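*Asks:* 3D, please:
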Amino acid sequence: MALHIDYYVSLNSPWTHLGAARIEAMAMAADATMRVYPVDFGAIFAASGGLPLPKRSAQRQAYRLVELARWRDRLGMPIQVEPKFFPCSEQLSAPCVIGVRETMGDAPAIKLAHRVLKAVWQEDKDAGDGATLAGLIGDVGLDADQVLKLGRDPRWAERRIADTEAALKRGVFGAPSYVIGEEIFWGQDRLGFVERRLVRG
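*Replies:* You can find the predicted model right below:
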């Protein structure tokens, strides 16, 4: 029986971006299904004891930049470790991804989420800007006007709140998190364990 991955992401997370292509490839190789959840990690941090980046100690903030550079070099991904528009507003992009997920399917929603992340971390674009987001939506083959209209429908912002509450109940506390059954794998550096779990079936 094919496995399913619930994929909890922040559309501002460099770690989600660093793992994006690999989790897609792993799911495809294992014939696993995957559903993306661009949840509110601000709310998740507040409820789970995490701290948003600006409130972390200077030592932790400095080490994060070192690790980003290490992973950039290890994976050969040309990311900006301090992008110009980080953090971008997710007030429109996240509901757009959710609206696409719920009305068009999981695959286009994942493509859009990953396109937003690439824009932020590789292209120094403000994915929170409506005009910029429209271009990203078009890049993945979707109708920008249709998707932006979807994203502005209040039900998808409400769905994001519900998805966030459900994520907390499942034990999710960081991005990215890959959940297979009852097992949580936190962080793109745990993708080796995800792959082993998918191979095991």
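*Asks:* Name the residues of stretch 33-49 that are buried.
*Replies:* In terms of neighbour count (16 or more other C-beta atoms under 10 Å), stretch 33-49 has its buried residues at 34, 36-41, 44-45. Heads up, the C-betas are built off the backbone N, CA and C, glycines and all.
*Asks:* Looks to me like residue 5 is in a strand.
*Replies:* Yes - counting by DSSP: H, G, I helix; E, B strand; the rest coil, residue 5 is part of a strand.
*Asks:* Look up the closest residue to it, ignoring the ones flanking it.
*Replies:* residue 34 (4.3 Å; C-beta to C-beta, 6 or more residues apart in numbering).
*Asks:* Correct me if wrong, but that neighbour is in a helix.
*Replies:* No - secondary structure assignment (three-state DSSP) places residue 34 in strand, not in a helix.
*Asks:* hang on, isn't residue 9 packed against residue 116?
*Replies:* No - checked against C-beta atoms under 8 Å, the pair residue 9 and residue 116 is beyond contact range at 9.6 Å.
*Asks:* which residues does residue 197 contact?
*Replies:* 3, 180, 183, 185 (C-beta atoms under 8 Å, 6 or more residues apart in numbering).
*Asks:* can you check residue 190 too?
*Replies:* residue 178.
*Asks:* For it, give me the pLDDT.
*Replies:* If you check residue 190, the pLDDT there is 98.
*Asks:* Can you give me the buried ones in stretch 124-136?
*Replies:* For stretch 124-136, by 16+ other C-beta under 10 Å, it's 125-128, 132-134, 136.
*Asks:* could you dump that stretch to PDB, C-alpha only?
*Replies:* Output in PDB follows, covering the C-alpha atoms of stretch 124-136 (Å, rounded to 0.1, in the frame of the first residue of the first chain):
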ATOM      1  CA  ASP A 124      15.600  37.900  -3.600                       C
ATOM      2  CA  LYS A 125      12.000  38.400  -4.500                       C
ATOM      3  CA  ASP A 126       9.200  39.600  -2.200                       C
ATOM      4  CA  ALA A 127       6.700  36.800  -2.400                       C
ATOM      5  CA  GLY A 128       4.400  38.700  -0.100                       C
ATOM      6  CA  ASP A 129       3.800  41.300  -2.800                       C
ATOM      7  CA  GLY A 130       0.700  40.600  -4.900                       C
ATOM      8  CA  ALA A 131       2.200  41.400  -8.300                       C
ATOM      9  CA  THR A 132       5.300  39.300  -7.500                       C
ATOM     10  CA  LEU A 133       3.100  36.400  -6.300                       C
ATOM     11  CA  ALA A 134       1.100  36.700  -9.500                       C
ATOM     12  CA  GLY A 135       4.200  36.100 -11.500                       C
ATOM     13  CA  LEU A 136       5.200  33.100  -9.400                       C
END
